[in-house]
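[1] no sequence for this one, just the structure:
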Ligand code: RFL
Ligand code: PHB
C-alpha cells in the first residue's frame, strides 16, 4: 500500500499542471496514466495558449521553452464572403496576446519538471479504478508493469479526460449532465510546410468552415468542417488541399502553400458539462468535467484554469485543514466553464455551415459576421474571450 496526499488520474495537461502546481506548494502527488509517455506527448491536439495560461506556466517556472519557441500572435483573421477581416486582439484588449505552442510540448515541459523535482508518474497503467471518495482517504487501484498497486490519498484528482474512469465511477444521480452534440466534425491535418499566413484564419464558407492554424514556422495545422463520422479514405491529399483552397480563398489573399501531410484525423464536436465538479474527496478537472467545441481554442486553457483553482484549494487544506476552498471548488470553476461554453458555442454557431439552416438563419449568420467585422464593441467581445477572461 502506497500513500500520498493527492492521487492524480491522467497525465494530460490538467493532471501534469496540477502535479506541478501542487509540488510548488509542497504538496506531494502521484500520477497514474493509462498511456505511454510517448503517446501522451505525441498526440496532436491543442495549439493555442491564452495569455493567462502562458503567464501561469512562466510564473510557476515551466515557461522558458514556451517563451523561446512559442509564436506570439496579436491578432486573428476572419474570412467570409471572400473578404478578410483582422481582429486586433492586442489593440482590443490592452496588449493581450495568444501563443502558439503545441499541447504535447506543454505536457512534455510539465512532465520533465515534475520528474526532475522527484515526482512520481506511473505510465501505461492498466485496470485503473477509484474508490472510497466519500471517506477521508480515498483509494486508487491500478496495475503497472503487471504489478497491482493500491494508492491511498487525501484527494483524488480526476484529470482523465472525457472517456476517463473518474466521472464514470460516481454514483448515478450524483451529477447533472448538460450536453449538445453538433451535426458536424473537423477533419484536421498537420502538414510539413511553412504556414501560408502569419496569423490564424477562421473561414466561413458556404461549403463549410475551414481553419488555418500552425504549430511552428515549418508545420501548418489545417481543419475542414466535415460530417461527424466522415470516412478519412474518401479524402485524398489532393482533395483535402483543393477543399482548403476553396474555403480559404479570398479576393486579395495569397495562395495556400501545400506540402506533405504528416497526420490526419477526424474529431466530433460537442459541448458538455458535468455538475458539480466534485463528489466528496474526488475532484474533476479538464475534459473529465467538460468539453467545448474546438472553435474557441479553449479546451486546454480551461483545463489549466480548473487545476489552478484546485491546487490552491488542496494546498490550503494541506496547510491548515481548512476546507473552504475545496467546498467552493466546483462553483468557482463552473463560473468560468459556462463563460467559456458560451463563447465556444457562439464561435461555432457563427462560423459553421448548418445543413438545416433556413434562408433566414443564413442571413442572420452573415449579419453576425458583418457585425463582428465592423463594430469595435463586437470585435472587443470576441477578443477578450479569445485572449482569455481574467482568472477569479
Ligand atoms: P486529456 O488531454 O484528454 O488527458 C487525459 C489523460 O488521462 C488519461 N486517461 C487515463 N489515465 C488513467 N486511467 C484511465 N482510466 C484513463 N483514461 C484516460 C489519458 O490517456 C490522457 O493522457 O485531458 P485534459 O488533461 O483535461 O486536457 C484537455 C485537453 O487535452 C483538451 O481540452 C484540448 O486538447 C482541446 N483542444 C484544444 N484546446 C485548446 O485550448 N486550444 C486548442 O487549440 C485546441 N484544439 C483541441 C484542439 C482538441 C482537439 N481534439 C482532438 C479533441 C483541437 C483538437 C482537434
Ligand atoms: C489548432 O491549432 O489546433 C487550433 C487552433 C485554433 C482552434 C482550434 C485548434 O480554434
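    Done, it's in. Note that the structure is a prediction, hence the values are computed from the model and not measured. Ligands and ions are numbered 1, 2, ... in the order given.
[2] whatever residue of the stretch 51-200 of the chain ends up closest to ligand 2 - nearest residue in space that isn't next to it in sequence?
    Of the stretch 51-200 of the chain, the residue with the smallest distance to ligand 2, taken as C-beta to the nearest ligand atom, is residue 200 at 5.9 Å. Where C-beta positions appear, they are placed from N, C-alpha and C, glycine not excepted. On the basis of C-beta to C-beta, 6 or more residues apart in numbering, the spatially nearest residue to residue 200 that is not a chain neighbour turns out to be residue 76, at 4.7 Å.
[3] how about the one you found, what does it touch?
    86, 87, 89, 199, 200, 201, 202, 386 (C-beta atoms under 8 Å, 6 or more residues apart in numbering).
[4] sec struct for residue 331, please.
    Under DSSP: H, G, I helix; E, B strand; the rest coil, the three-state class of residue 331 is helix.
[5] neighbours around the closest residue to it other than its chain neighbours, how many?
    Beyond its immediate neighbours in the sequence, the residue positioned closest to residue 331 (C-beta to C-beta, 6+ apart) is residue 276, lying 7.7 Å away. By other C-beta atoms under 10 Å, 16 other residues sit near residue 276.
[6] ok, residue 81 next?
    Neighbour count of residue 81, defined by other C-beta under 10 Å: 14.
[7] ignoring the adjacent residues along the chain, who's closest to residue 165?
    Closest residue to residue 165 apart from its sequence neighbours, by C-beta to C-beta, 6+ apart: residue 128 at 5.5 Å.
[8] check the residue nearest to residue 200 and give its pLDDT.
    According to the prediction, residue 76 has pLDDT 98.
[9] bridged to it, which residues?
    Using DSSP bridges, the beta-bridge partners of residue 76 come out as residue 87.
[10] and the gap between it and residue 278?
    35 Å (C-beta to C-beta, to the nearest Å).
[11] get me the contact residues on the chain for ligand 1.
    Taking C-beta under 6 Å from any ligand atom, the part of the chain that reaches ligand 1 is made up of 9-15, 32-35, 40, 45-48, 103, 125, 128, 159-161, 164-165, 188, 267, 286-287, 294, 297-301, 303.
[12] show me which of these are buried.
    Neighbour counting over the residues of the chain next to ligand 1 (16 or more other C-beta atoms under 10 Å) leaves 9-15, 32-34, 40, 45-48, 103, 125, 128, 159-161, 164-165, 188, 286-287, 294, 297-301, 303 as the buried ones.
[13] show me those residues that map onto helices.
    Per DSSP state H, helices hold the following members of those: 13, 14, 15, 40, 103, 299, 300, 301, 303.
[14] now for those: which two are most distant?
    For those, the farthest-apart pair by C-beta to C-beta is 40 and 301; their separation is 18.2 Å.
[15] separation between residue 305 and residue 322?
    Remark: distance between residue 305 and residue 322 (C-beta to C-beta) = 22 Å.
[16] next one: residue 167
    Applying C-beta to C-beta, one obtains 27 Å for the distance of residue 167 from residue 322.
[17] comparing the two, which shows the higher neighbour count?
    More neighbours sit around residue 167 than around the other of residue 167 and residue 322, counting by other C-beta under 10 Å; the figures are 22 against 12.
[18] who does the nearest residue to residue 120 once chain neighbours are set aside bridge with?
    Across the structure, with C-beta to C-beta, 6+ apart as the measure, the residue nearest residue 120 apart from its sequence neighbours is residue 30 (4.8 Å). Using DSSP bridges, the beta-bridge partners of residue 30 come out as residue 7, residue 120.
[19] mind starting the numbering at 468 from now?
    Got it, the first residue is 468 from now on, which makes the last one we talked about residue 497.
[20] is it true that residue 497 touches residue 475?
    Yes. Residue 497 is within contact range of residue 475, at 7.0 Å (criterion: C-beta atoms under 8 Å).
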